[in-house]
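Engineer: can't give you the sequence, but here's the structure:
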(Lines give C-alpha, C1' and ligand atoms only; values in the text may rest on other atoms or scores of the structure.)
Protein backbone atom coordinates (compact mmCIF):
# COMPACT_ATOMS: atom_id res chain seq x y z
CA UNK A 1 0.00 0.00 0.00
CA UNK A 2 1.27 3.46 -0.85
CA UNK A 3 1.95 6.28 1.58
CA UNK A 4 -0.73 8.88 2.28
CA UNK A 5 0.95 12.23 2.96
CA UNK A 6 -0.94 15.24 4.26
CA UNK A 7 0.37 18.48 2.77
CA UNK A 8 -0.94 21.91 3.74
CA UNK A 9 -2.99 23.16 0.76
CA UNK A 10 -2.13 26.83 1.26
CA UNK A 11 1.44 26.59 2.55
CA UNK A 12 2.94 23.29 1.31
CA UNK A 13 5.74 22.06 3.56
CA UNK A 14 9.07 22.06 1.67
CA UNK A 15 10.22 18.85 3.39
CA UNK A 16 7.14 16.92 2.28
CA UNK A 17 7.15 18.36 -1.22
CA UNK A 18 10.76 17.27 -1.66
CA UNK A 19 9.87 13.73 -0.53
CA UNK A 20 7.16 13.51 -3.19
CA UNK A 21 9.44 15.01 -5.84
CA UNK A 22 12.08 12.38 -5.02
CA UNK A 23 9.54 9.62 -5.59
CA UNK A 24 8.76 11.08 -9.03
CA UNK A 25 12.48 11.38 -9.88
CA UNK A 26 12.95 7.71 -8.98
CA UNK A 27 10.21 6.59 -11.37
CA UNK A 28 7.30 6.54 -8.96
CA UNK A 29 3.64 7.29 -9.66
CA UNK A 30 1.75 9.74 -7.44
CA UNK A 31 -1.74 11.07 -7.01
CA UNK A 32 -1.78 14.79 -6.33
CA UNK A 33 -4.27 17.66 -6.11
CA UNK A 34 -4.90 20.08 -8.96
CA UNK A 35 -7.41 22.87 -9.51
CA UNK A 36 -9.90 20.43 -11.10
CA UNK A 37 -9.45 17.45 -8.78
CA UNK A 38 -6.98 14.73 -7.95
CA UNK A 39 -4.75 13.60 -10.83
CA UNK A 40 -2.12 10.97 -11.52
CA UNK A 41 1.44 12.24 -12.05
CA UNK A 42 4.87 10.83 -12.91
CA UNK A 43 8.16 11.86 -14.46
CA UNK A 44 8.00 12.97 -18.08
CA UNK A 45 8.77 10.14 -20.52
CA UNK A 46 9.40 7.53 -17.80
CA UNK A 47 8.31 4.42 -19.71
CA UNK A 48 7.93 2.19 -16.68
CA UNK A 49 5.73 4.70 -14.86
CA UNK A 50 3.74 5.37 -18.04
CA UNK A 51 3.05 1.64 -18.46
CA UNK A 52 1.84 1.46 -14.84
CA UNK A 53 -0.58 4.34 -15.42
CA UNK A 54 -1.86 2.81 -18.68
CA UNK A 55 -2.57 -0.43 -16.81
CA UNK A 56 -4.22 1.33 -13.87
CA UNK A 57 -6.49 3.38 -16.12
CA UNK A 58 -7.00 0.68 -18.77
CA UNK A 59 -5.62 2.86 -21.56
CA UNK A 60 -4.08 1.69 -24.82
CA UNK A 61 -0.81 2.91 -26.35
CA UNK A 62 -2.62 5.52 -28.45
CA UNK A 63 -3.81 7.54 -25.47
CA UNK A 64 -2.01 10.88 -25.18
CA UNK A 65 -1.13 12.31 -21.81
CA UNK A 66 -0.76 15.92 -20.72
CA UNK A 67 2.23 17.84 -19.42
CA UNK A 68 1.64 19.93 -16.30
CA UNK A 69 3.96 22.96 -16.44
CA UNK A 70 4.67 25.55 -13.77
CA UNK A 71 4.22 28.65 -15.93
CA UNK A 72 4.14 30.20 -19.38
CA UNK A 73 7.93 30.32 -19.56
CA UNK A 74 8.18 26.57 -19.09
CA UNK A 75 5.45 25.95 -21.66
CA UNK A 76 7.61 27.73 -24.25
CA UNK A 77 10.27 25.03 -23.84
CA UNK A 78 7.86 22.29 -24.88
CA UNK A 79 5.40 23.96 -27.26
CA UNK A 80 5.55 26.34 -30.20
CA UNK A 81 3.68 29.50 -29.27
CA UNK A 82 2.65 32.10 -31.86
CA UNK A 83 1.30 35.52 -30.90
CA UNK A 84 -2.42 34.55 -30.79
CA UNK A 85 -1.63 31.48 -28.69
CA UNK A 86 0.53 33.57 -26.36
CA UNK A 87 -2.34 35.95 -25.68
CA UNK A 88 -4.66 33.04 -24.86
CA UNK A 89 -2.13 31.37 -22.58
CA UNK A 90 -1.32 34.60 -20.77
CA UNK A 91 -5.01 35.23 -20.10
CA UNK A 92 -5.88 31.69 -18.97
CA UNK A 93 -2.89 30.34 -17.04
CA UNK A 94 -2.69 29.19 -14.38
CA UNK A 95 -6.16 27.73 -14.51
CA UNK A 96 -8.39 24.73 -15.28
CA UNK A 97 -7.52 24.53 -18.98
CA UNK A 98 -5.61 22.11 -21.19
CA UNK A 99 -4.17 23.60 -24.36
CA UNK A 100 -3.22 21.57 -27.42
CA UNK A 101 -0.09 23.04 -29.02
CA UNK A 102 2.59 22.09 -31.54
CA UNK A 103 5.33 20.22 -29.70
CA UNK A 104 8.98 21.30 -29.78
CA UNK A 105 11.87 18.86 -30.08
CA UNK A 106 12.12 18.89 -26.27
CA UNK A 107 9.00 16.71 -26.14
CA UNK A 108 9.86 13.02 -26.58
CA UNK A 109 8.22 11.64 -29.74
CA UNK A 110 6.19 9.04 -27.88
CA UNK A 111 4.47 11.84 -25.95
CA UNK A 112 3.44 13.64 -29.12
CA UNK A 113 0.34 12.92 -31.19
CA UNK A 114 1.50 10.48 -33.85
CA UNK A 115 0.32 12.49 -36.85
CA UNK A 116 -0.21 16.05 -35.63
CA UNK A 117 2.98 16.29 -33.50
CA UNK A 118 1.08 18.09 -30.79
CA UNK A 119 1.08 17.95 -27.00
CA UNK A 120 -1.52 18.83 -24.37
CA UNK A 121 -0.24 21.27 -21.76
CA UNK A 122 -1.77 22.75 -18.63
CA UNK A 123 -0.71 24.99 -15.73
CA UNK A 124 -2.65 23.95 -12.61
CA UNK A 125 -3.74 26.72 -10.26
CA UNK A 126 -3.03 24.73 -7.10
CA UNK A 127 -0.28 25.53 -4.59
CA UNK A 128 0.72 21.91 -3.96
CA UNK A 129 0.94 21.15 -7.69
CA UNK A 130 2.94 24.34 -8.21
CA UNK A 131 5.29 23.49 -5.33
CA UNK A 132 5.91 20.04 -6.85
CA UNK A 133 6.62 21.53 -10.28
CA UNK A 134 9.06 24.03 -8.78
CA UNK A 135 10.82 21.30 -6.79
CA UNK A 136 11.16 19.04 -9.84
CA UNK A 137 12.29 21.78 -12.22
CA UNK A 138 10.50 20.07 -15.10
CA UNK A 139 6.93 19.22 -16.14
CA UNK A 140 4.93 16.38 -14.61
CA UNK A 141 3.37 13.93 -17.04
CA UNK A 142 -0.22 13.72 -15.91
CA UNK A 143 -3.72 12.40 -16.49
CA UNK A 144 -7.04 12.57 -14.71
CA UNK A 145 -7.92 9.96 -12.10
CA UNK A 146 -10.52 7.84 -13.87
CA UNK A 147 -10.61 4.05 -13.54
CA UNK A 148 -11.13 1.53 -16.39
CA UNK A 149 -14.83 1.17 -15.62
CA UNK A 150 -15.10 4.97 -16.01
CA UNK A 151 -15.45 5.34 -12.27
CA UNK A 152 -14.50 8.87 -11.27
CA UNK A 153 -13.08 8.79 -7.78
CA UNK A 154 -14.33 11.48 -5.48
CA UNK A 155 -12.43 14.37 -4.01
CA UNK A 156 -11.75 12.54 -0.73
CA UNK A 157 -8.04 11.57 -0.60
CA UNK A 158 -8.74 8.86 2.00
CA UNK A 159 -11.24 7.19 -0.33
CA UNK A 160 -8.76 7.51 -3.19
CA UNK A 161 -6.03 5.93 -1.07
CA UNK A 162 -8.28 3.02 -0.13
CA UNK A 163 -9.31 2.44 -3.75
CA UNK A 164 -6.07 2.79 -5.74
CA UNK A 165 -3.42 3.12 -3.03
CA UNK A 166 -1.96 -0.26 -3.98
CA UNK A 167 -1.30 0.92 -7.55
CA UNK A 168 0.67 4.09 -6.86
CA UNK A 169 3.57 5.11 -4.62
CA UNK A 170 2.16 8.18 -2.85
CA UNK A 171 -1.23 9.81 -2.47
CA UNK A 172 -0.82 13.48 -1.59
CA UNK A 173 -3.65 14.62 0.66
CA UNK A 174 -4.24 18.28 -0.11
CA UNK A 175 -7.82 18.35 1.12
CA UNK A 176 -10.87 18.89 -1.06
CA UNK A 177 -9.94 20.24 -4.49
CA UNK A 178 -13.01 19.60 -6.61
CA UNK A 179 -13.95 16.78 -8.95
CA UNK A 180 -14.08 18.25 -12.41
CA UNK A 181 -12.26 18.27 -15.74
CA UNK A 182 -10.29 20.89 -17.61
CA UNK A 183 -11.62 22.87 -20.52
CA UNK A 184 -9.62 21.77 -23.59
CA UNK A 185 -8.70 24.30 -26.29
CA UNK A 186 -6.81 23.56 -29.50
CA UNK A 187 -4.36 26.38 -30.33
CA UNK A 188 -2.70 24.80 -33.35
CA UNK A 189 -4.71 26.44 -36.12
CA UNK A 190 -4.31 30.15 -35.40
CA UNK A 191 -7.84 30.45 -34.01
CA UNK A 192 -8.71 28.78 -30.67
CA UNK A 193 -10.97 25.77 -31.10
CA UNK A 194 -12.98 24.58 -28.10
CA UNK A 195 -12.58 20.79 -27.82
CA UNK A 196 -14.21 20.19 -24.45
CA UNK A 197 -15.99 22.48 -22.02
CA UNK A 198 -15.00 21.78 -18.43
CA UNK A 199 -14.31 23.76 -15.28
CA UNK A 200 -12.65 26.71 -16.99
CA UNK A 201 -14.80 29.54 -18.40
CA UNK A 202 -15.10 28.68 -22.09
CA UNK A 203 -17.06 31.74 -23.20
CA UNK A 204 -14.00 33.31 -24.86
CA UNK A 205 -13.63 30.25 -27.08
CA UNK A 206 -17.11 30.02 -28.50
CA UNK A 207 -16.60 30.93 -32.12
CA UNK A 208 -19.29 33.58 -32.23
CA UNK A 209 -17.86 35.23 -29.09
CA UNK A 210 -14.16 34.68 -29.79
CA UNK A 211 -11.97 37.73 -29.22
CA UNK A 212 -8.88 36.09 -30.72
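Structural biologist: That came through fine. Predicted model, so just to flag it, every value in this text is computed and none were measured.

Engineer: burial count for the closest residue to residue 196 other than its chain neighbours?
Structural biologist: Sequence neighbours aside, residue 184 is the residue nearest to residue 196 in space, at 4.2 Å (criterion: C-beta to C-beta, 6 or more residues apart in numbering). Heads up, the C-betas are built off the backbone N, CA and C, glycines and all. Residues lying near residue 184 (other C-beta atoms under 10 Å) number 21.

Engineer: Which stretches in this structure count as strands?
Structural biologist: 3-6, 29-33, 38-43, 66-68, 79-80, 97-103, 118-122, 140-144, 170-173, 183-186, 193-196 (DSSP state E).

Engineer: Let me have those in JSON lines, extended by distance to residue 21 and mean pLDDT.
Structural biologist: As requested, the strands of the chain are exported to JSON lines (distance: least, C-beta to C-beta, whole Å; pLDDT from 0 to 100):
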{"stretch": "strand 3-6", "distance to residue 21": "12", "mean pLDDT": "95"}
{"stretch": "strand 29-33", "distance to residue 21": "9", "mean pLDDT": "97"}
{"stretch": "strand 38-43", "distance to residue 21": "10", "mean pLDDT": "96"}
{"stretch": "strand 66-68", "distance to residue 21": "13", "mean pLDDT": "97"}
{"stretch": "strand 79-80", "distance to residue 21": "23", "mean pLDDT": "96"}
{"stretch": "strand 97-103", "distance to residue 21": "23", "mean pLDDT": "97"}
{"stretch": "strand 118-122", "distance to residue 21": "19", "mean pLDDT": "96"}
{"stretch": "strand 140-144", "distance to residue 21": "10", "mean pLDDT": "95"}
{"stretch": "strand 170-173", "distance to residue 21": "10", "mean pLDDT": "96"}
{"stretch": "strand 183-186", "distance to residue 21": "27", "mean pLDDT": "96"}
{"stretch": "strand 193-196", "distance to residue 21": "30", "mean pLDDT": "94"}
